[in-house]
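Enquirer: Mind folding the following:
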Amino acid sequence: MTPLSLPEEIVLLTFDDETGRSIGRQGIAASIALAGAVMMELALAGRVDTDLHRLEVLDDSPTGDPVLDAGLPLLRSAPDSRGALMLLAREETGLRPRVLSALIARGLLKQVEGRVLLVFPERRYLKPEDRPEPREVRARLLRSIETDDIPEPREALLAGLARATALLPLLLPPALLAARQERIQLLNRIEALNRSVAETVGDLYLYRLRSA
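Expert: Predicted coordinates for the structure are as follows:
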């Protein structure tokens, strides 16, 4: 079985295990997080090199992943990592359906059409009971926060994405969330891309508050 990519993992986390409904931040914050997941996966694959202020495309040949291949060409025109996040976030309407299609094709999500109050159309994405992979993503996130082990880059990046999309209060027991704030902050600081995502989302919400 091909390992899950970061875009696939963060999208899986945004659906409730029982109802299949979306959880966490929606709108532009979710778009930035998915953009960050694409950039992180490309960085792990050695296709881009980035820090808080710089982004360089090292190899723009096709990866074979339709989500990454949709995002990679856009990064050539990005001035820095935060600019790249915004470029990719604007393409989120194209990226997210590709991630969902991949997860459905792999049997890790099942699309269900229904109605709320018998009137309003609703689309949910259920996680099959016979496939452990979706729940293993949550379990791995939990372990990275519970322990004091040196995290793998992928674990730190996933924790940063979950924090940026306000998923941690929904996925972790309240006592654990309160007790492990220092660990969560550490995971967020380890990777420059985590800081870029967090700062971009934070700046966006600050701008909206000032404009309100």
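Enquirer: C-alpha only now, for contacts and for neighbours.
Expert: Fine.
Enquirer: Using the three-state scheme, assign residue 56.
Expert: Following DSSP: H, G, I helix; E, B strand; the rest coil, the label given to residue 56 is strand.
Enquirer: what about it, how many neighbours?
Expert: By other CA atoms under 10 Å, the residues close to residue 56 number 17.
Enquirer: now it: how far from residue 75?
Expert: To residue 75, residue 56 is 8 Å away according to CA to CA, to the nearest Å.
Enquirer: Next: residue 33.
Expert: 16 Å.
Enquirer: Next: residue 146.
Expert: Distance from residue 146 to residue 75, by CA to CA: 35 Å.
Enquirer: which one of the two has more residues nearby?
Expert: residue 75 (21 against 16).
Enquirer: Can you read off the pLDDT for the residue lying closest to that one once chain neighbours are set aside?
Expert: Using CA to CA, 6 or more residues apart in numbering and skipping residues adjacent in sequence, the residue nearest residue 75 is residue 84, 5.9 Å away. For residue 84, the pLDDT comes out at 83.
Enquirer: I figured residue 84 was touching residue 71, is that so?
Expert: No - using CA atoms under 8 Å, residue 84 is not in contact with residue 71, being 9.6 Å away.
Enquirer: Could you look up the SS state of residue 125?
Expert: Residue 125, by the three-state scheme (three-state DSSP), is strand.
Enquirer: So which bits of stretch 14-34 are buried?
Expert: 14-17, 20, 22, 24-25, 28-34 (16 or more other CA atoms under 10 Å).
Enquirer: Would you mind putting the CA coordinates of that stretch into PDB?
Expert: Provided in PDB are the C-alpha atoms of stretch 14-34 (Å, rounded to 0.1, in the frame of the first residue of the first chain):
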ATOM      1  CA  THR A  14     -10.900  17.200   8.600                       C
ATOM      2  CA  PHE A  15     -13.700  14.700   8.500                       C
ATOM      3  CA  ASP A  16     -15.400  13.400  11.700                       C
ATOM      4  CA  ASP A  17     -14.700   9.700  12.200                       C
ATOM      5  CA  GLU A  18     -18.400   8.900  12.900                       C
ATOM      6  CA  THR A  19     -20.500  11.300  10.800                       C
ATOM      7  CA  GLY A  20     -18.200  12.100   7.900                       C
ATOM      8  CA  ARG A  21     -18.900  15.800   8.300                       C
ATOM      9  CA  SER A  22     -16.200  18.500   8.000                       C
ATOM     10  CA  ILE A  23     -14.600  19.700  11.200                       C
ATOM     11  CA  GLY A  24     -12.000  22.300  12.000                       C
ATOM     12  CA  ARG A  25     -11.500  25.700  10.200                       C
ATOM     13  CA  GLN A  26     -13.100  26.000   6.800                       C
ATOM     14  CA  GLY A  27     -12.600  28.600   4.100                       C
ATOM     15  CA  ILE A  28      -9.300  30.300   3.500                       C
ATOM     16  CA  ALA A  29      -7.600  28.800   6.600                       C
ATOM     17  CA  ALA A  30      -8.300  25.300   5.300                       C
ATOM     18  CA  SER A  31      -7.100  26.300   1.900                       C
ATOM     19  CA  ILE A  32      -3.800  27.600   3.300                       C
ATOM     20  CA  ALA A  33      -3.400  24.400   5.400                       C
ATOM     21  CA  LEU A  34      -3.900  22.200   2.300                       C
END
